[in-house]
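J.: sequence unknown, structure follows:
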């Protein structure tokens, strides 16, 4: 709305709901000019004539006075013969008001047969109340003006739902004893419940599910989790079809966006800040949120080796009685990890026939005097040789 400025106007409106002022008593506002002019109060005939133009032509009419704006009522006359004045002050065809008997008979045909009945009058259209009698013996009048047996046995939930032809969901209605009642009419074993009826649901194709999730849930790409249009929980890989050529999918938010992927150096620096400083490092990609695997070529200092993406004390020599890379013993199962490419090539003595290649040596402190049984296995990219020996107290005691 574009308002008309009130500046220079003594009265009227700016056209957008704001008043520019009011005229004093005895004056009226010229809305077009916004000025107050002397006002001559309408006569009764002028008042009625003005309202006749608005469709009010008969009876007592109430409206604003042309000068003061206060409520004013005048009798604006009767209708011509054969017409009657309605509640809306219009002349309509003359109507013979119903007697009480006729009023009750008309409503009995609509099922209201007893007690005080409220309904519209046949002529005026206004609400009218009449006492329409009692019920037969052993019956009582309900709140909806129907007669029911005095001793009424309420129907079961199944009967209630069946009579109303409702198959599912919560139903509020009058039962067979005319009492207001709410029942749960069950669930649909196939399809969905619509208006308390089970409606079969057509399977939503993956592409339709993905498009709806993108349009209404802003889930544009990746593996999208939500409810299909049948109300079932669903998970679909929606790919990157909604992403522009220069965009990638952030699988953490299912949103498309422009993102520059970290270089391997930047990725490794971020992972190092999180405690993963070396070796094959798995972490979330800065753009997609998916796992990314990068070999972070950080060389551990002072002879330390990379274990579980952290630099730990270097593995000792096969003949060294003190091994600097311990493995925590657990009587059930334990895991020792390492990267042989960062180990040393110092295997000597009687530990193995083949002493070539780099190795890692672990010291497992079992403890106790009772016998222990250790079963070792290796999982690796290549095929390393696994050696076990019973003690490392000294070279003379070594047994491979």
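T.: Great, that's in hand. Remember, it's a predicted structure, so these values are computed and weren't measured experimentally. Numbering: from 1, shown residues only.
J.: Give the full set of residues in contact with the residue lying closest to residue 222 once chain neighbours are set aside.
T.: Leaving aside its chain neighbours, residue 222 sits nearest to residue 251 (4.1 Å; criterion: C-beta to C-beta, 6 or more residues apart in numbering). In short, each C-beta sits where N, CA and C put it, glycine included. Listed by C-beta atoms under 8 Å, 6 or more residues apart in numbering, the contact partners of residue 251 are 221, 222, 223, 288, 289, 290.
J.: and those, which of them are in helices?
T.: Using DSSP state H, the subset of the contacts of residue 251 located in helices is empty.
J.: In a markdown table: those, plus pLDDT.
T.: Converted to a markdown table, those look like this (pLDDT from 0 to 100):
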| residue | pLDDT |
| --- | --- |
| 221 | 95 |
| 222 | 94 |
| 223 | 94 |
| 288 | 92 |
| 289 | 92 |
| 290 | 92 |
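J.: now that we have those residues, which one has the most neighbours?
T.: In terms of neighbours by other C-beta atoms under 10 Å, the contacts of residue 251 top out with residue 221 at 26 neighbours.
J.: roughly how far apart are that one and residue 51?
T.: Using C-beta to C-beta, to the nearest Å, residue 221 is found at 66 Å from residue 51.
J.: likewise residue 308?
T.: To residue 51, residue 308 is 93 Å away according to C-beta to C-beta.
J.: Neighbour count: those two, which is higher?
T.: For the pair residue 308 and residue 51, the greater number of neighbours falls to residue 51 (17 against 14), based on other C-beta under 10 Å.
J.: thinking residue 39 is in contact with residue 69, fair?
T.: No. If you go by C-beta atoms under 8 Å, residue 39 and residue 69 don't touch, sitting 10.2 Å apart.
J.: The two: who's more crowded?
T.: Shown here are residue 39 and residue 69; by other C-beta under 10 Å, residue 39 has more neighbours (17 against 13).
J.: quick one on the thing from earlier: reformat the contacts of residue 251 into JSON lines and put distance to residue 299 next to each item.
T.: JSON lines is the format used below for those (distance: C-beta to C-beta, whole Å):
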{"residue": "221", "distance to residue 299": "39"}
{"residue": "222", "distance to residue 299": "37"}
{"residue": "223", "distance to residue 299": "38"}
{"residue": "288", "distance to residue 299": "29"}
{"residue": "289", "distance to residue 299": "30"}
{"residue": "290", "distance to residue 299": "28"}
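J.: What is the nearest of those residues to residue 256?
T.: residue 221 (5.5 Å; C-beta to C-beta).
J.: Tell me which residues touch that closest one, please.
T.: Residue 221 touches 214, 238, 239, 240, 241, 242, 243, 249, 251, 254, 255, 256, counting by C-beta under 8 Å, 6+ apart.
J.: Relative to residue 88, which of the residues you listed is nearest.
T.: Residue 88 lies nearest to residue 214 out of the contacts of residue 221, by C-beta to C-beta, at 53.1 Å.
J.: Give me the three-state assignment for that closest one.
T.: Recorded secondary structure, residue 214: helix (DSSP: H, G, I helix; E, B strand; the rest coil).
J.: List the residue ranges of the stretch 251-400 of the chain that fall below the pLDDT cut-off.
T.: 302-303, 313-400 (pLDDT under 70).
J.: hang on, the earlier thing: mind checking which of the contacts of residue 221 land in helices?
T.: Per DSSP H, the subset of these in helices is residue 214.
J.: With distance to residue 24 as new columns, can the contacts of residue 221 be given to me in TSV?
T.: Below are these laid out as TSV (distance: C-beta to C-beta, whole Å):
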residue	distance to residue 24
214	64
238	71
239	75
240	73
241	71
242	67
243	69
249	71
251	73
254	67
255	64
256	66
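J.: Would you list the buried entries among the contacts of residue 221?
T.: Buried subset of the contacts of residue 221 (neighbour count, 16 or more other C-beta atoms under 10 Å): 214, 238, 242, 243, 249, 251, 254, 255, 256.
J.: Show me which pair in the residues you listed is furthest apart.
T.: 214 and 251, at 14.5 Å, using C-beta to C-beta across the buried ones among the contacts of residue 221.
J.: Give me the pLDDT for residue 46.
T.: For residue 46, the pLDDT comes out at 92.
J.: Next up, phi/psi of it, please.
T.: Residue 46 adopts backbone torsions of phi -70, psi -40, taken as degrees, to the nearest 10.
J.: ok, the nearest residue to it once chain neighbours are set aside to residue 47 distance?
T.: Once flanking residues are discounted, residue 46 sits nearest to residue 66: 8.0 Å by C-beta to C-beta, 6+ apart. Distance, residue 66 to residue 47, using C-beta to C-beta: 7 Å.
J.: Same check on residue 308?
T.: From residue 308 to residue 47 the distance is 97 Å (C-beta to C-beta).
J.: per the record, what domains does this structure have?
T.: 12-88, 100-151, 159-199, 206-257, 317-400 (automatic domain parsing).
J.: Residue 141 is in contact with residue 116, isn't it?
T.: No. Residue 141 lies out of contact with residue 116 (C-beta under 8 Å); the separation is 9.2 Å.
J.: Neighbour count: the two, which is higher?
T.: More crowded of residue 141 and residue 116, by other C-beta under 10 Å: residue 141, with 19 against 10.
J.: contacting residues around that one?
T.: Going by C-beta under 8 Å, 6+ apart, residue 141 touches 114, 115, 134, 135, 147.
J.: Repeat that for residue 180.
T.: Contacts of residue 180 by C-beta under 8 Å, 6+ apart are 172, 173, 174.
J.: For the first one, give its distance to residue 244.
T.: Residue 172 sits 51 Å away from residue 244, taking C-beta to C-beta as the criterion.
J.: try the last one
T.: Distance from residue 174 to residue 244, counting by C-beta to C-beta: 59 Å.
J.: Pick out whichever of the two has more residues nearby.
T.: When neighbours are counted by other C-beta under 10 Å, residue 174 and residue 244 differ, and residue 174 comes out ahead with 15 against 10.
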